[in-house]
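# have a look; sequence and predicted model below, questions after that.
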Amino acid sequence: MRDNPSSLTHWGAFTATLADGEITAVTPFPGDTDPSPLLGNIPGSLRHPSRITGPAVRRGWLHDGPGPTTARGADEFIAVSWEELAELLAAELRRVVDTYGNEAIYGGSYGWASAGRFHHAQSQVHRFLKLLGGYTFSRHSYSLGATGVIMPRVVGTHDDLFKRSTEWNVIVEHTDLLVCFGGVNMKNTGINHGGTTGHPAREALRRFRDKGGRIVSISPLRSDVDGDCQWLPAVPGTDVAIMLALAYVLATENLADRDFLDTYCTGYEQFERYLLGVDDSEPKSPQWAAGICGVDAAVLTELARTMAAQRTIVTVSWSLQRLRHGEQAPWMGVTLAAMLGQIGLPGGGFGHGYGSMNEPGLPPVRVRLPSLPQGANPVQTFIPVAAISDMLLHPGETFTYNGRTLTYPNIKCVYWAGGNPFHHHQNLPRLRRALARVDTVVVHDPYWTPMARHADIVVPSTTAFERDDYSGSRNDPLLVAMPAMAPPYAQARDDYTTFAALAERLGFGEQFTEGRTAGQWLRHMYEKWSREVNFAVPDFDQFWADGLLALPVESGLTLMADFRADPLAHPLATPSGRIEIFSDEIAGFGYPDCAGHPRWYDPVEWLGGQRAECFPLHLIANQPATRLHSQLDGGAVSKNAKIQGREPLRMHPADAAQRGLAGGDVVRVFNDRGSCLAGVVLDEGLLPRVVQLSTGAWYDPLDPSDPDSMCVHGNPNVLTDDVGTSSLARGCTGAAVLVQVEKFDGPLPPVRAHRPPVIR
């Protein structure tokens, strides 16, 4: 162990102070000008009371064997030895594969468990399951389920919208106007998958304003832009209506760039018929939009004219595609930017995800990073990632996805390593009922997360700070060594050791390990990578001693600049090679909820619908400012933000007064799907009738045996509807939900989320 070792997390690099096997303090990386406050959750995390101390098996599974049960989440656990756990788990995997086939295993792991190129939980479990013979897998992410399907059809790519987005420095130099649908929220720019060593977004926006740049934020939350901006507090879920109104002004006032639309786009004529109301007799004018979104028609008209007169970037946050019909917002954002004709010009065009993660706006690394080979999956069965409950509840049923008709497999074993679907997934009561239908749930985790509590077999994993690794990300200029800071806690083991033992029992140990220890894999991956890159790389020992390796980056990027310069030499990967404002392929699917061009669909969960008569507040369930997803929810930064131990609920003072509420009160937030407790924070920076409750509080039901029991900790996903964005993408729709709020007057139940379950 090094003195004052350094390491890397998804939210920043740091140096640690340790005592008695625990991190007691952290110091941010010296080159980071705006370090994330989430680093404050790390001290105390290695020996936190929620750590899993050893292998454990749910009592009912151990005594009665595999099978469907409603006891998951409520049953106690039995401590077992590592030898017993490995034998039980290997035997169960043999049973499932021999009886039902590999398709019956769902490898549902999510990729945010920890930074690390080798000890990446998702990579480890997927390599293991592929060598086992395969598994049912998921596509896309909860963050970008709709974007991942629609944008390749519109602009031919998904990843490049983030990895190769217009750089912050280019925006500072060339942009006059940032029109931000969903804002540019600095709290989210603390995070990047794989790790991040610098956070330039806040400083970039300061420089942008200093040189005269202007920001327009269209969001129900004032905090979605930090600092000076023109705030247009729109009704949640109405961004597409606003974009259509802006497009209408461009079309009818001869402000649209017809040359750009003719040269670089296809299908504008079909879209314009809809925009002008030729076929439905409903022009999508600012007056039409004002009645939907609550923003004055004159304000929208003037904004459209200003956008056409200045170098403008239209940005759409990721949150706007986590709604019903979520495909429409990014599609319409590209269409609006295309009408302005500035796509591919420095400082103009389109952006997706500025303020959603610390990746858009950062120059990409010119080389790929070292990686653990996973091999091919012999099983081709998959689901959209947000369809877990549908899959488990409806085996054998068909569903539509991206122009295909697929069938849900009959899952018998859910195998999860890293991640907590009780953070990501919608309608947790339904998820609990879905998990009750399988034979076995296996979870690898360092902590007793809600998912671990719902497991049958619990495998205690090390944290990233208890093992050697290195990491980096595709938009960060450093590869960072991550030496172990402390020995593994209690009986925890890294996932590689666990899978190697299982693979040996199942007959493919040599294929899984290739004869290497974890340390040898780190060296092998690095040395293989160093032979393939086109710049000078020190040998592994020197890199490990230095702790950092600078990577070459591609600076000065403008999104789609090559396409703009020569669309024939650099066509988009769409059927036409151009921006598809109208998609013949999507139109040919005949989906009732996703037409061949972007359009407005009346939402179900919004203040303009009938459902609001029963549940009159629109809850924004956004990402938390005090943790990454649900990670380290028991850390100091996360816990210090809670109100009487509950997740804070921000409310407009007028809405609170109407209900007799004051700041600091504990309230019951509810609808016809579920309820949770939260603590009131008064905030005038919300549109009235809008409340905000972040995701990520560990799910903590008052009665663990009842799926419909109130969450006493404040997890909003007990309230959200488990439906997909549309028949096209079936992405997550958990960003918004209608609720009612009332004061909770009973005795406050204890929060038990961070305590271990009963273990015998």
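In hand now; what should we look at? Residues are numbered from 1 along each chain as shown.
# now what about stretch 19-36, what contacts it?
For stretch 19-36, the external contacting residues (Cβ atoms under 8 Å, 6 or more residues apart in numbering) are 6, 11-18, 39-40, 42-47, 190-191, 197-203, 465, 485-487, 489. Glycine gets a C-beta too; all of them are placed from N, C-alpha and C.
# try 6 Å this time
11-17, 39, 42-43, 46-47, 190, 197-199, 202-203, 486 (Cβ atoms under 6 Å, 6 or more residues apart in numbering).
# any of those residues buried? List them.
11-16, 39, 42-43, 46, 190, 197-199, 202, 486 (16 or more other Cβ atoms under 10 Å).
# go ahead and flag the most central residue of the protein.
S143 (3.3 Å; Cα atoms, centre = their mean).
# now it: phi and psi?
phi -70, psi -30 (degrees, to the nearest 10).
# list the residues that contact it.
W318.
# any idea which helix is longest in the protein?
helix 82-100 (DSSP state H).
# what does it contact?
For helix 82-100, using Cβ under 6 Å, 6+ apart, the contacting residues are P55, A104, K412, C413, T440, I457, A501, L502, R505, L506.
# list the buried residues of it.
For helix 82-100, by 16+ other Cβ under 10 Å, it's W82, L85, A86, L88, L89, A90, E92, L93, R95, V96, V97, Y100.
# over to stretch 458-477?
458-477.
# among those residues, which lie within strands?
V458, V459, P460, D469, Y470, S471 (DSSP state E).
# can I get these in JSON lines including distance to T157 and pLDDT?
Formatted as JSON lines, these follow (distance: Cβ to Cβ, whole Å; pLDDT from 0 to 100):
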{"residue": "V458", "distance to T157": "40", "pLDDT": "98"}
{"residue": "V459", "distance to T157": "37", "pLDDT": "98"}
{"residue": "P460", "distance to T157": "40", "pLDDT": "98"}
{"residue": "D469", "distance to T157": "30", "pLDDT": "98"}
{"residue": "Y470", "distance to T157": "28", "pLDDT": "98"}
{"residue": "S471", "distance to T157": "25", "pLDDT": "97"}
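# which two among those are spaced furthest apart?
For these, the farthest-apart pair by Cβ to Cβ is V458 and Y470; their separation is 28.2 Å.
# please flag which of the buried ones among the contacts of stretch 19-36 sit within strands.
Using DSSP E, the buried ones among the contacts of stretch 19-36 in strands are G12, A13, F14, T15, A16.
# can you pull out the low-pLDDT segments for the chain?
The chain contains residues with pLDDT under 70 at 1-4.
# helices along the stretch 501-650 of the chain, start to end?
509-513, 518-532, 540-546, 561-565, 584-589, 636-640 (DSSP state H, counting those that start in this stretch).
# so what's G134 up against?
G134 touches N102, N377, P378, V379, counting by Cβ under 6 Å, 6+ apart.
# what about it, which SS state?
Taking DSSP: H, G, I helix; E, B strand; the rest coil as the rule, one finds G134 in the coil state.
# still on that earlier bit, tell me which of the buried ones among the contacts of stretch 19-36 is nearest to E605?
For these, the nearest to E605 is G190 (28.3 Å; Cβ to Cβ).
# for that closest one, give its distance to G547.
According to Cβ to Cβ, to the nearest Å, G190 and G547 sit 22 Å apart.
# and what of N102?
41 Å.
# equivalent analysis for N188, please.
28 Å.
# same thing with R760?
44 Å.
# before we move on, what about P483?
Counting by Cβ to Cβ - P483 and G547 are separated by 8 Å.
# which one's more surrounded, the two?
Higher neighbour count among P483 and G547: G547, with 19 against 16, using other Cβ atoms under 10 Å.
# beta partners for the closest residue to that one other than its chain neighbours?
Distance criterion Cβ to Cβ, 6 or more residues apart in numbering; nearest residue to G547, sequence neighbours excluded, is A481 at 4.6 Å. In this entry, A481 is beta-bridged to Y470, by DSSP bridges.
# same question, C265
I579.
# gap between it and F615?
In terms of Cβ to Cβ, C265 sits 40 Å off from F615.
# who has more neighbours, those two?
C265 (24 against 20).
# ok, the more buried one - contacts?
C265 neighbours (Cβ under 6 Å, 6+ apart): A338, R578, I579, I581.
# what about 8 Å?
Contacts of C265 (Cβ under 8 Å, 6+ apart): A338, R578, I579, E580, I581.
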